[in-house]
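Asker: Here is the input, now give the coordinates:
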Amino acid sequence: MRARIPARTGGRAHRDAAFDSGLRGRRPDVLFEMMIMTFPALHLPALTPRILAAAIAVCCSSAFAQSTILAPVVVTGARFASDPALLPIGSTVISADDIRQSGVGDVNSAIRKIGGVYARQSLNGSTDFDLDLRGFGTNSSQNLVVVLDGVRLSENELSGAVLSTIAIDNVERIDITRGGSSVLYGEGATGGVINIITKRPTKQSLRGTVFGEVGQFGLREGRASIAQAWDGFALDAAIGALSTDNDRANNKFEQKTLNAGAQWSSKEGRIGLRIDSSRQDSRFPGPLTQAQFAADAHQTRTPGNFGSFDSDRVTGFIERRVGDFDLAAELSHREKTVKSLYVFSSGPSAAQYSSEQTQFSPRARHLGKFDGWLNEVVVGIDLTRWNRVTESAYSQADASQSAKAIYVRDEIKFDGPRNARVALGARHETFDKDSIDPALYTAATYSTKQSMNAWQLQGSFDAVPLVNLYAKAGQSYRVANADENAMTPFANKPLQSQTSHDLELGVTVGDAAQKLTARVFRHKLNNEIFYDPTAGLYGANTNLDPTKRQGIELDASLRIAADWRLSGQVQHVQARFTDGPNEGRDMVLVPKNIVTARLSWLPGDGQSADFGAQWVDKQRNGDDFDNSCTALMPAFTTFDARYAKKFGAWEVALSGLNLADKRYYSQAFGCQSGIYPGAGRQMKVSARYDF
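Answerer: Residues are numbered from 1 along each chain as shown. Got it, this is the predicted structure:
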C-alpha cells in the first residue's frame, strides 16, 4: 500500500514498534523515546558458553602460533586494507590527528563537528545524536550503515548505532562515504556508510591515555586506555564513565563502557578477539509545546519516565594470505536488553525486550598488477541472524530475521598521468522474517521472504593535474525492520522493500594543503518506508509514493597560514514527493541548507585552539505532511571552541559548546509541539595524560 499523505517521521517517533503495538494512539515522540534507552552499572558481559568457546577456538588457532602484532581488521575500500591507490572514491576522512586537535570526546561528535554530518538532538541525553546523510529525516539511521572494524553496527531495529560506546582514544580514522553503498554493505546504505577504524598496536610498544573532564550540567567524565604489544602478541583495553544532568529537568544520563582485545599476527596473516560492553541509564524529559519551550526550555512534563539499555558484543576476526589471495572474516555476536517505564494519565507502562544478533562475513580478494593496470577483485558472503523477545502487558512478540547475501566487486586502476579508475559491483540478498505475538490487539504475527539486488558502477580520472573527476551510479535498497513491520496499515502484513536509484557526480581540486570537493547527487526512491499518522486507526508504517533526494555537497580545507587551517562543509538538499497526491511537497525534518566551518590553530609550541560553527536552515515540523503549518522550525547557529596547552605528557583544555547560548531545537514532531530543546551553553575543563 502507498500512503496518500506523507508519513510521520516515525524513526524516532516509534523507535521500538514492539512497544508501539501496545501504545497506538499515543504521541509518536513518546513512543520513539522508548527505544533510546541507556544503561545501569557496568559489569562484565554475561557471555554465553557458546560465545566463549567460539572466541577461544578462533583466537587460539595453531596456524598463528608464530605471530607478531595484530590489531582489529582495518577495513577500507572494498572491505579490505586497501592499496593506497584504491581508497574509496569521493569519501571524507577524519584522522586521529583531526580528532585530537578538535578535542571531541566521542565518535558521534567527531562525525558531526569534523565530518560536517548533520544530526538531530538525542532524546535521552546521550551524545548519540541522529546522524543524517542526505536528508532522510528521522528515518536517517535506517538509511545509513555504521561499520566498526568490519562489523556492521546497524541492525534490524529502529534504533541507531550507539557510537558513544566506542572508545574515542582508540579510533585511527573515520571514513564517511556518502551515497548508495548497498553492494558492499547491504540494506539501509542508501544515504551512505560511516566506517570506523580503530588503531593497530605497533611492534614492541606501550601506549596509554588517562582523561578526566568536568563541566556545567553536572558533567563528570573519566576515560582510560592502554595498549601493550610484544613481538607476537598485543593486548588493549579501555574503560569509560560518564555522568551528566544535561540541560533539562529529568534528563540525567549515565554511561559506563568497557572495550578489550587480544591480537596476534604473522607475515601470513592475523587473528584476534574483541569484547565491547556498555551500560546506560537515562531519564526522559519528554517533549514540549512551543509555548512551553518559550516559557522555560529546561522544564520537563514527564518527570517519571526513565529507561536502561545494556549491550555486550564479542567479535573474532581473521585475515590470512594464501598464494595470490587475501582471505578475511569476522564472526560477531551481540546481546542487548532494553527496559523502560513510562507514566501516563492512565498509569505506568513498563516494558522490556532482549535481542541478540550474530554476523559472519567471510570474503576473499585477489589484487593483481598487470601490464599497465592494477586489478582488485573482491567476493564475499554476509550471513546475519537476529532475534528479539518483547515482554510487556501489550506485546509478547518473538521476532526474528535471517539474511544471506553474496556480492562481487571488481576495480581497475590504469597506470598513466590520468590516474583512471573503474569499478563495478553487484549484490544479491535474501531475507527471512518471522514474528509471533500472542498478545491481544497486535499486528506482529507474520512470515515473509524478500529478495533484493544492488549494483554500482563508478569511475574517476584526473582531468588535469590536481583536478579529479568522478561519477557513481547504482541501485541500493532497504527492508522494513521488525519494529516497522509490527505496525502496518493491514494487520500482520509486512511492508514492501524500499529501492533507490542513485546518481552522483563529483570533482576534487587541490592537494593536502588546499582541497575542494564538490558533489551533486540524486536518489530516486520507490516504496520509501516511513511512518504515516493517518494510516490505519492510530497511524502506521507505510510505503510512500515515489520520493526524491537531490542536492549538492561541498567539502573544503585550506591551510591559510603555517599555523592555521580552515575547513568546512556545505549541504543543500531537496527532499520531496515526485508522484501521488503530495507531488512536489517537502518531506519533514529536513533542512534545505547546512553550513559547517572549523578554524584550527596549531603553532607547534604545545598550544592548540579550535573554533567551530554550524548554521542549520529552517525545516518543516514532523507532522507537517501537507506543508500547511506556517510555523517552520526556525533556523539556528551554534558555536563551539577549545583551547589546550601541553605540559610535557599532560594536556589541559578549556572548551565550550553552544557558546552563544542559543535556544534552539532540531526535533519537533508536531506543528509547534513535540519539541525537544537543544542544550544551552556548556563550559568544560579537562586534563589528559598520554604515555
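Asker: When you work out contacts or count neighbours from here on, use the C-alpha atoms and nothing else.
Answerer: OK.
Asker: how far does stretch 253-261 sit from the chain's center?
Answerer: 18 Å (Cα atoms, centre = their mean, to the nearest Å).
Asker: who touches that stretch?
Answerer: 38-42, 44, 124-126, 165-167, 235-246, 272-283 (Cα atoms under 8 Å, 6 or more residues apart in numbering).
Asker: Kindly recompute the last result at 6 Å.
Answerer: 42, 125, 235-244, 273-282 (Cα atoms under 6 Å, 6 or more residues apart in numbering).
Asker: Same question for stretch 623-639.
Answerer: 6, 8, 612-620, 658-659, 669-670.
Asker: What residues of stretch 583-592 count as buried?
Answerer: Using 16 or more other Cα atoms under 10 Å as the test for burial, stretch 583-592 gives 585-592.
Asker: what's the closest of those residues to residue 417?
Answerer: residue 592 (38.7 Å; Cα to Cα).
Asker: And the closest one, how close does it get to residue 134?
Answerer: 10 Å (Cα to Cα, to the nearest Å).
Asker: follow-up on the earlier one: can you tell me which of the contacts of stretch 623-639 has the most neighbours?
Answerer: Greatest neighbour count in those, by other Cα atoms under 10 Å, goes to residue 8: 33 neighbours.
Asker: Specify the beta-bridge partners of residue 559.
Answerer: Counting by DSSP bridges, residue 559 forms beta bridges with residue 565.
Asker: Of the contacts of stretch 623-639, which belong to strands?
Answerer: Taking DSSP state E, the ones among the contacts of stretch 623-639 that sit in strands are 612-616, 669-670.
Asker: Which two of the residues you listed have the greatest separation?
Answerer: Largest pairwise distance in the ones in strands among the contacts of stretch 623-639, by Cα to Cα, is 30.3 Å, between 612 and 670.
Asker: May I see the buried residues of stretch 583-592 organised as TSV, with secondary structure, distance to residue 339 and pLDDT added?
Answerer: Below are those laid out as TSV (DSSP: H, G, I helix; E, B strand; the rest coil; distance: Cα to Cα, whole Å; pLDDT from 0 to 100):
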residue	secondary structure	distance to residue 339	pLDDT
585	coil	38	94
586	strand	36	95
587	coil	32	93
588	coil	30	91
589	coil	28	93
590	coil	30	95
591	coil	33	96
592	coil	36	96
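Asker: Can I get stretch 219-235 in PDB? Just the C-alpha atoms.
Answerer: Listed next in PDB are the C-alpha coordinates belonging to stretch 219-235 (Å, rounded to 0.1, in the frame of the first residue of the first chain):
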ATOM      1  CA  LEU A 219      29.200  16.800  33.800                       C
ATOM      2  CA  ARG A 220      31.700  14.200  35.100                       C
ATOM      3  CA  GLU A 221      33.700  12.000  32.700                       C
ATOM      4  CA  GLY A 222      36.700   9.800  33.000                       C
ATOM      5  CA  ARG A 223      38.400   7.600  30.400                       C
ATOM      6  CA  ALA A 224      41.500   5.400  30.500                       C
ATOM      7  CA  SER A 225      43.100   3.200  27.800                       C
ATOM      8  CA  ILE A 226      46.200   1.100  27.400                       C
ATOM      9  CA  ALA A 227      47.700  -1.000  24.700                       C
ATOM     10  CA  GLN A 228      50.800  -3.200  25.000                       C
ATOM     11  CA  ALA A 229      52.400  -5.000  22.100                       C
ATOM     12  CA  TRP A 230      55.200  -7.600  22.000                       C
ATOM     13  CA  ASP A 231      56.800  -9.500  19.200                       C
ATOM     14  CA  GLY A 232      54.000 -11.800  18.700                       C
ATOM     15  CA  PHE A 233      51.100 -10.600  20.800                       C
ATOM     16  CA  ALA A 234      49.100  -7.500  21.700                       C
ATOM     17  CA  LEU A 235      46.600  -6.600  24.300                       C
END
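Asker: so which strand or helix has residue 188?
Answerer: For residue 188, there is no enclosing helix or strand under DSSP states H and E.
Asker: ok, now which ones touch the residue minimising distance to the centre of the chain?
Answerer: When Cα atoms, centre = their mean is applied to the chain, the residue found nearest the centroid is residue 146 (4.5 Å). Residues in contact with residue 146 (Cα under 6 Å, 6+ apart) are 153-154, 193-194.
Asker: Tell me the bridge partners for it.
Answerer: What pairs with residue 146, by the bridge criterion (DSSP bridges), is residue 194.
Asker: What separation is there between it and residue 421?
Answerer: According to Cα to Cα, residue 146 stands 26 Å off from residue 421.
Asker: Are we agreed that residue 470 is in a strand?
Answerer: Yes - using DSSP: H, G, I helix; E, B strand; the rest coil, the assignment for residue 470 is a strand.
Asker: Check which strands are paired with the helix or strand where residue 688 lies and give the direction for each one.
Answerer: Here residue 688 is covered by strand 682-690, with elements defined by DSSP H and E. According to DSSP bridges, strand 682-690 forms sheet pairs with strand 205-215 (antiparallel), strand 650-657 (antiparallel).
Asker: could those be laid out in TSV, adding mean neighbour count?
Answerer: Conversion of the strands paired with strand 682-690 to TSV gives the following (neighbours: other Cα atoms under 10 Å):
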stretch	mean neighbour count
strand 205-215	17
strand 650-657	18
